[in-house]
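**Student:** Here is the input, now give the coordinates:
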Amino acid sequence: MTHFTQHFIGGRRVEPHSKNIIEIRSPFDGELVGSAPLASKQDIDRAVSVAREAFDYGPWPRFKPNERMAIIKRFFDLYERKSDEFAKLVSREMGAPLWFTKNIQLLIRNQSLAYFEAANAYPWEQKRDGYPEGKSLWTREPVGVVAAIIPWNAPHQVALAKLYPALMAGCCVVLKLAPETALDGQFLGELFSEAGLPEGVLSILAADRDVSEHLVTHPGVDKIGFTGSTVAGRRIASLAGERLKRVSLELGGKSAAIVLPDADIASTVSALRYRSFPNNGQVCVAQTRVLVPDEIYTDFSEAMVEDVAKMAVGDPTQESTFLGPVVSDRQRQRVLDYIRTGVHEGASVAIGGEGMPDGLNHGTFVKPTVFTNVDNAMRIAREEIFGPVVCLIPYRGVEEAIQIANDSDYGLSGSVWTPDTEEALRVARQIRTGSVTVNGAPTDLLAPFGGFKQSGIGREFGAEGIGHYVEHKAISI
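**Tutor:** Alright, predicted model coming up:
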């Protein structure tokens, strides 16, 4: 078990203002995984004050970019040595199957290397001819003190997607952890300190919603980077807007996988297992609306049901498990409510539904569920469920499929499945979403990632990701 009794503030362990300790228990068997302090508003004040001091007067924002990069790369080397340990911890904390957390560690490695490449090529300063005459120096300077607020579903990956660009730019950061995963993030602070990050630059605290809002509205915070639900994102955007704070939001999704008539059913279903049910369905980019042409709808549905029936559901720390429990009983009840709603709306449960998976009598499990005969107007097709629930929606003609895909409040991800690459690109160009994969192609981690519509504001990864943590200054010469 892992127990923390102090906050990580500015590179040091300090006593919390209150004695509010949260216990982290496995959603699989209820066993105690560890404990950590929850931050109070006074703890947030201290963390922001330390960050403000470090930004206004400390060396970090004044280091050259390559000097900052040397420390960040040392952190990466230290982190790599603990990769397997972190995968196992996150699996125990929130129920993610081990295959998923190990793949996330590979994603973190590739994400890190991509950010390093983007930073090396980033135009921190540019001299150019002015108009109508003269010359100018265009500089990118750190935006200031950043509040980075992350969810529980892929905690290290999301944290580093914000910490890397913020620190590369020279910002100081208060990283706010979700209470559900209050343990794993603590280790990031220790490793950054070991790598040589100066005092004051980074604080890491877990906090509930009320204290998190105090962080968002704190006058010492210049920029908020948030990943989480669209509901929470709207609240943060409104609070930030009142104060003209910089904000970037990576929010929810209801992504559509468009299966074209010539797609191979077996290989598409096999690939969608990892695109539609990753992390027990608790991934913002999950392809939870699968659009299938009428002419192959029955065969496709049967193939998906057969594949889902083979999924191993159980202990998430076992290599053979494909689906573990959802993060909490509260989340389980939320997902079950949606399943009941789908039945009430007239959709058919092809497999799954209410009740515990076979052979299990404990844990916050939801049966992997496939709905057929789904209309895109149904709530289960429009709202983000964040659980192992997939809707199969029939369509007639590719143009109708595009229309259904775009008929959503969200626009985060999507996919097209066909052996015809040109047709796939034609369809992909018409989907109003921030990213699209063709036939399960890997995501480009140098490309900007983010959403259209209510899936967010701004982008992460690559030069665009770094750009959210800088201010632009023009010096005319």
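**Student:** quick one, what contacts S328?
**Tutor:** Neighbour list for S328: P27, E180, T364 [criterion: CB atoms under 8 Å, 6 or more residues apart in numbering]. C-betas here are computed from N, CA, C, even on glycine.
**Student:** Which helix runs longest in the chain?
**Tutor:** As assigned by DSSP state H, the longest helix anywhere in the chain is helix 98-121.
**Student:** Alpha carbons only: can I get the next helix or strand after it in CSV?
**Tutor:** Remark: after helix 98-121, the chain's next helix or strand is strand 125-129, criterion DSSP states H and E. Presented in CSV, the C-alpha positions along strand 125-129 are these (Å, rounded to 0.1, in the frame of the first residue of the first chain):
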residue,chain,number,x,y,z
GLU,A,125,12.0,33.8,-31.2
GLN,A,126,11.7,35.0,-34.7
LYS,A,127,13.2,38.1,-36.4
ARG,A,128,11.3,39.3,-39.4
ASP,A,129,10.8,42.3,-41.7
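**Student:** After strand 125-129, which helix or strand is next?
**Tutor:** strand 135-142.
**Student:** which other residues reach stretch 243-251?
**Tutor:** 143, 158, 216-217, 219, 221-230, 233, 236-237, 240-241, 284, 412, 449-451, 454-460, 468.
**Student:** ditto for stretch 138-147
**Tutor:** By CB under 8 Å, 6+ apart, the residues outside stretch 138-147 that reach it are 48, 51-52, 55, 61, 122-128, 162, 166, 169-174, 176, 215-216, 218, 220-225, 246, 467-475.
**Student:** Any of those residues buried? List them.
**Tutor:** Neighbour-count burial (16 or more other CB atoms under 10 Å) applied to these gives 48, 51-52, 55, 61, 122, 124, 162, 166, 169-174, 176, 215-216, 218, 220-225, 246, 467-470.
**Student:** Narrow the residues you listed to those in helices?
**Tutor:** Judged by DSSP H, the subset of these located in helices is V48, A51, R52, F55, K162, A166, A169, L215, V216, G467.
**Student:** Sheet partners, orientation included, of the lowest-mean-pLDDT helix or strand in the chain?
**Tutor:** Here the helix or strand of the chain ranked lowest by mean pLDDT, DSSP states H and E is strand 2-3, holding a mean of 90. If you go by DSSP bridges, strand 2-3 pairs up with strand 32-37 (parallel).
**Student:** Centre of the chain to the least confident helix or strand of the chain, how far?
**Tutor:** Relative to the mean C-alpha coordinate of its chain, strand 2-3 is positioned 25 Å out (CA atoms, centre = their mean, to the nearest Å).
**Student:** immediately after that strand, which helix or strand?
**Tutor:** Heading C-terminal from strand 2-3, the first helix or strand you meet, by DSSP H and E, is strand 7-9.
**Student:** That next one - contacts with which helices or strands?
**Tutor:** Judged by 3 or more CB pairs under 8 Å, 6 or more residues apart in numbering; DSSP states H and E, the packing partners of strand 7-9 are helix 41-57, helix 186-195, strand 202-206.
**Student:** Could you point out which of the ones you listed sits nearest G440?
**Tutor:** Distance to G440, taken as CB to CB, is lowest for helix 186-195 among the helices and strands packed on strand 7-9, at 30.7 Å.
**Student:** Show me what the closest one is packed against.
**Tutor:** strand 7-9, helix 65-80, helix 155-169, strand 202-206.
**Student:** Look up the pLDDT of the most centrally placed residue in the chain for me, please.
**Tutor:** Centroid check for the chain by CA atoms, centre = their mean gives V158 as the closest residue, at 5.0 Å. pLDDT, V158: 98.
**Student:** Could you check how far it is from E460?
**Tutor:** In this view, V158 and E460 are 9 Å apart by CB to CB, to the nearest Å.
**Student:** now do R275
**Tutor:** Taken as CB to CB, the span from R275 to E460 is 20 Å.
**Student:** what about the strands in the stretch 201-350 of the chain?
**Tutor:** Under the criterion DSSP state E, counting those that start in this stretch, the stretch 201-350 of the chain contains strands at 202-206, 223-227, 246-250, 256-259, 289-293, 348-351.
**Student:** Format the ones you listed as a markdown table; extra columns: distance to E422 and mean pLDDT.
**Tutor:** Converted to a markdown table, the strands of the stretch 201-350 of the chain look like this (distance: least, CB to CB, whole Å; pLDDT from 0 to 100):
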| stretch | distance to E422 | mean pLDDT |
| --- | --- | --- |
| strand 202-206 | 47 | 98 |
| strand 223-227 | 34 | 98 |
| strand 246-250 | 31 | 98 |
| strand 256-259 | 15 | 98 |
| strand 289-293 | 18 | 98 |
| strand 348-351 | 33 | 98 |
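**Student:** can you tell me which of these comes nearest to I385?
**Tutor:** Across the strands of the stretch 201-350 of the chain, I385 has its closest neighbour in strand 289-293 (10.7 Å, CB to CB).
**Student:** Buried residues in the closest one, which are they?
**Tutor:** Buried positions in strand 289-293, judged by neighbour count with 16+ other CB under 10 Å: R289, V290, L291, V292, P293.
**Student:** which residues does the last one bridge with?
**Tutor:** With beta bridges defined as DSSP bridges, P293 has these partners: Y395.
**Student:** what's the least confident helix or strand of the chain in contact with?
**Tutor:** With CB under 8 Å, 6+ apart, strand 2-3 has contacts from V33, G34, S35, A36, L89, L183, Q186.
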